[in-house]
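1. Build me a structure from this.
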Amino acid sequence: MYKQILSKQETVSFKPEFKDACLRAKLLEDSGEYETAANALGELWAGVGNQPLLENFPTTLKADVLVRIGALTGWLGSSGQIEGSQEKAKDLIGEGIRLYDEVVDVEKIAEAQSDLGVCYWREGAFNEAENFLRDALDRTPIESFALRGKTLLRLVNTAISTRNYNEAFELLQESEGLIKSNGDHLLRGKLSFHQALIFKLLFEEEGKIDLAEKSANYYFEASFHYRKANHHRYEAIVENNLGFLFLSIKKFENAHQHLDNAINLFGVFGDTGRLASVFDTKARVYLAEMKFIEAELFAQKSVQLFKRGDEYFSLSESLTTLGTAFARQNSFVDAKESFEKAIKAAEFVNDSVSLGLVMLSQIEELQTVLSDEERNELYLKTKGLLFQSKSNSIQSRLKNAENICQHSNIKSKWDDFSLTEEVLRFEAKYIVEALSETGGGVTKASKLLGLSHQNLSLLLKTRHKALASAKKTRKKRSDRRRKSHTLKKE
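-> Numbers count the residues shown, from 1 in each chain. Predicted structure coming up:
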């Protein structure tokens with residue numbers, strides 16, 4: 001869908017209508033219509049990450065164009081998981097800021113810095129993101145209500161990502177009066193969304209069901225405002241988060257329903273970055289249901305998509321989910337490999353809490369196969385990374401990890417062992433891999449496995465019924481004819 005990052009620079013000469021093109025692109029971008037926004041730029045847009053040579057442009061308009069191309073590069077790069085896109089976006093926005101500085105346009109500098117902060121946040125560089133966002137807030141004029149509200153909510157995101165929930169709550173309180181008095185439906189939707197997120201996190205810490213109910217109400221309120229603002233992409237994000245919330249209260253059927261809604265919506269947009277997040281949430285629901293094969297399948301999908309882009313924080317989380325799915329099937333070699341990759345991704349982000357949580361999961365999930373020396377070394381590293389965390393759930397898990405390391409009567413891998421079950425898991429593992437690699441095509445998967453189509457179909461109907469969701473759905477002949485007829489009419 002997206003043009004790849006190109007090194008070639010096209011020369012574009014100034015036209016007065018380019019100013020209106022930038023304004024249209026900005027409005028479309030704010031509505032989540034990133035592809036349409038790029039098209040609105042016309043000849044100014046030469047693909048994700050491409051910087052045109054702008055001849056005879058006034059300085060302010062040149063800066064407007066570079067910032068718009070940069071911001072769209074960030075959004076489309078995240079949506080399409082295009083490697084290197086966030087760095088390109090930062091370069092373009094940074095050059096725009098330099099030009100705004102020449103003409104001393106303080107408000108536009110603030111807005112561009114806010115966009116720059118989002119690029120750093122996507123990469124998981126939360127400290128840098130916070131610095132740019134706070135500087136943007138300081139520069140924003142008091143009367144620029146929409147920009148102040150948007151930047152405050154972006155700061156809430158960075159605070160949540162670094163688990164500074166008290167700070168996030170204070171920022172929300174600061175933004176609430178401003179947005180309720182002056183915000184449009186989009187900004188009000190964002191406020192409700194972040195309020196829902198905070199109450200969900202509080203529920204996970206305190207376990208009080210009324211907090212979960214408040215979270216759900218705010219999510220539904222956010223969805224209402226997003227519909228009014230025609231921001232369907234954000235509606236889909238709400239569906240994903242509702243899925244996560246229902247997972248937290250163990251209402252798995254509701255969780256799957258909302259996650260399937262999110263998958264359908266993001267599929268329409270072709271937003272692979274967001275799809276990857278939904279697949280990870282779906283995998284976590286299956287883990288909670290003890291459906292480990294399905295969990296592995298969706299975690300694999302999530303990892304494959306995140307590997308294509310620059311969002312290492314999210315990649316680390318998906319790899320941790322995948323490692324957990326492997327471990328619960330006693331595929332300990334694969335689990336250890338996934339956890340080690342998750343650790344590398346977290347190290348790239350340079351977020352000590354994320355790194356500590358991956359190591360904590362590794363201790364919990366691989367306790368039966370790690371040596372005493374490996375467990376103790378991991379625990380000491382984990383404690384050093386997480387001991388300052390104020391999260392009750394993290395401290396509880398840290399205490400549990402300490403108990404694991406102190407007790408020698410850890411369950412042996414041979415306890416409750418069944419060779420028959422292990423053979424089935426081994427068989428299922430390769431069927432999942434083959435179906436995943438072929439997009440669910442049974443015929444192609446059977447060739448990879450060295451089986452006939454009939455034999456693989458029989459396996460999926462008998463001892464591996466749980467893998468039926470990995471198959472590609474076959475359309476009825478009448479459906480295919482109807483679709484073909486519709487396309488011809490269009």
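
2. What's the local residue count around Glu347?
-> Neighbour count of Glu347, defined by other CB atoms under 10 Å: 15. Every C-beta, even on glycine, is put in place using the N, C-alpha and C of the backbone.

3. That one and Gly356: what is the separation?
-> 11 Å (CB to CB, to the nearest Å).

4. Contact partners for Leu467?
-> If you count contacts by CB atoms under 8 Å, 6 or more residues apart in numbering, Leu467 has them with Ile293, Glu294, Leu297, Ala428, Ile431, Val432, Leu435, Leu460.

5. Dump those into TSV; add pLDDT and neighbour count as well.
-> As requested, these are exported to TSV (pLDDT from 0 to 100; neighbours: other CB atoms under 10 Å):
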residue	pLDDT	neighbour count
Ile293	91	21
Glu294	93	21
Leu297	93	27
Ala428	82	20
Ile431	86	24
Val432	82	20
Leu435	84	25
Leu460	83	19
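
6. Can you flag which of the residues you listed belong to helices?
-> If you go by DSSP state H, the contacts of Leu467 have Ile293, Glu294, Leu297, Ala428, Ile431, Val432, Leu435, Leu460 in helices.

7. Tell me the one of these nearest Gly267?
-> Closest approach between the ones in helices among the contacts of Leu467 and Gly267, by CB to CB: Leu297, at 17.0 Å.

8. Surely the closest one and Val432 touch.
-> Yes - counting by CB atoms under 8 Å, Val432 is a contact partner of Leu297 at 5.2 Å.

9. Give me the contacts around stretch 212-229.
-> Against stretch 212-229 from outside (CB under 8 Å, 6+ apart): 31, 184-186, 188-190, 192-193, 195-197, 199-200, 203, 232, 234-235, 238-239, 241-242, 245, 248-249.

10. Please indicate which of those are buried?
-> 31, 186, 188-190, 192-193, 195-197, 199-200, 203, 232, 234-235, 238-239, 241-242, 245, 248-249 (16 or more other CB atoms under 10 Å).

11. Tell me where the model's unsure across this protein.
-> 1-9, 408-417, 466, 468-490 (pLDDT under 70).

12. Next, the spatially most central residue of it: secondary structure please.
-> Against the mean C-alpha coordinate of the chain, by CA atoms, centre = their mean, the closest residue is Ser277 at 4.2 Å. Of the three states, Ser277 takes helix under DSSP: H, G, I helix; E, B strand; the rest coil.

13. Let me see the contact set for it.
-> Asn240, Ser302, Ser314.

14. Dump those residues into CSV; add distance to Gln367, neighbour count and secondary structure as well.
-> Formatted as CSV, these follow (distance: CB to CB, whole Å; neighbours: other CB atoms under 10 Å; DSSP: H, G, I helix; E, B strand; the rest coil):
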residue, distance to Gln367, neighbour count, secondary structure
Asn240, 31, 24, helix
Ser302, 25, 27, helix
Ser314, 26, 24, helix
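
15. The residue of the chain most remote from its centre - nearest residue in space that isn't next to it in sequence?
-> Using CA atoms, centre = their mean, the residue of the chain lying farthest from its centre is Asn56. It sits 40.0 Å away. Excluding the flanking residues, the one nearest Asn56 by CB to CB, 6 or more residues apart in numbering is Phe14, at 4.3 Å.

16. show me the contacts for the one you found.
-> Leu54, Glu55, Asn56, Phe57, Pro58, Leu61.

17. Next, find the distance separating the fifth one from Glu107.
-> Using CB to CB, one gets 17 Å for the distance from Pro58 to Glu107.

18. got the CA positions of the helix or strand harbouring Leu202 in PDB?
-> Per DSSP states H and E: Leu202 is located in helix 185-206. The C-alpha trace of helix 185-206 is given here as PDB (Å, rounded to 0.1, in the frame of the first residue of the first chain):
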ATOM      1  CA  HIS A 185     -15.400  15.700  19.700                       C
ATOM      2  CA  LEU A 186     -12.000  14.400  18.700                       C
ATOM      3  CA  LEU A 187     -10.200  16.000  21.700                       C
ATOM      4  CA  ARG A 188     -13.000  14.900  24.100                       C
ATOM      5  CA  GLY A 189     -12.800  11.400  22.700                       C
ATOM      6  CA  LYS A 190      -9.100  11.400  23.500                       C
ATOM      7  CA  LEU A 191      -9.700  12.700  27.000                       C
ATOM      8  CA  SER A 192     -12.300   9.900  27.700                       C
ATOM      9  CA  PHE A 193      -9.900   7.300  26.200                       C
ATOM     10  CA  HIS A 194      -7.100   8.300  28.500                       C
ATOM     11  CA  GLN A 195      -9.400   8.400  31.500                       C
ATOM     12  CA  ALA A 196     -10.500   4.900  30.600                       C
ATOM     13  CA  LEU A 197      -6.900   3.700  30.300                       C
ATOM     14  CA  ILE A 198      -6.000   5.200  33.800                       C
ATOM     15  CA  PHE A 199      -9.000   3.400  35.500                       C
ATOM     16  CA  LYS A 200      -8.100   0.200  33.800                       C
ATOM     17  CA  LEU A 201      -4.500   0.400  35.100                       C
ATOM     18  CA  LEU A 202      -5.800   1.300  38.600                       C
ATOM     19  CA  PHE A 203      -8.100  -1.800  38.400                       C
ATOM     20  CA  GLU A 204      -5.100  -4.000  37.500                       C
ATOM     21  CA  GLU A 205      -3.300  -2.600  40.600                       C
ATOM     22  CA  GLU A 206      -6.100  -2.700  43.100                       C
END
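
19. what's it packed up against?
-> helix 145-161, helix 165-182, helix 209-228, helix 232-248, helix 392-406 (3 or more CB pairs under 8 Å, 6 or more residues apart in numbering; DSSP states H and E).

20. What's the separation between the residue nearest to the centre of the chain and Arg284?
-> When Ser277 is compared with Arg284 (using CB to CB), they lie 11 Å apart.

21. what kind of secondary structure is Gly49 in?
-> coil.

22. Tell me how many other residues surround it.
-> Neighbour tally, Gly49, other CB under 10 Å: 27.

23. That one contacts Lys88, doesn't it?
-> Yes - between Gly49 and Lys88 there is a contact at 3.4 Å, judged by CB under 8 Å.

24. check contacts around Val353.
-> So Val353 contacts Thr162, Arg163, Leu385, Leu386, Ser389, Ile394 (CB under 8 Å, 6+ apart).

25. now swap in Asp351 and tell me
-> With CB under 8 Å, 6+ apart, Asp351 has these contacts: Gly124, Phe126, Ser161, Thr162, Phe313.

26. Let's see that with 7 Å instead.
-> Gly124, Phe126, Phe313 (CB atoms under 7 Å, 6 or more residues apart in numbering).

27. Quick check: the gap between it and Thr162.
-> 7 Å.

28. where do the contact lists of these two overlap?
-> By CB under 7 Å, 6+ apart, the residues touching both Asp351 and Thr162 are Phe126.

29. Of the contacts of Phe14 - the most surrounded one?
-> Most surrounded of those: other CB under 10 Å gives Phe57, at 21 neighbours.
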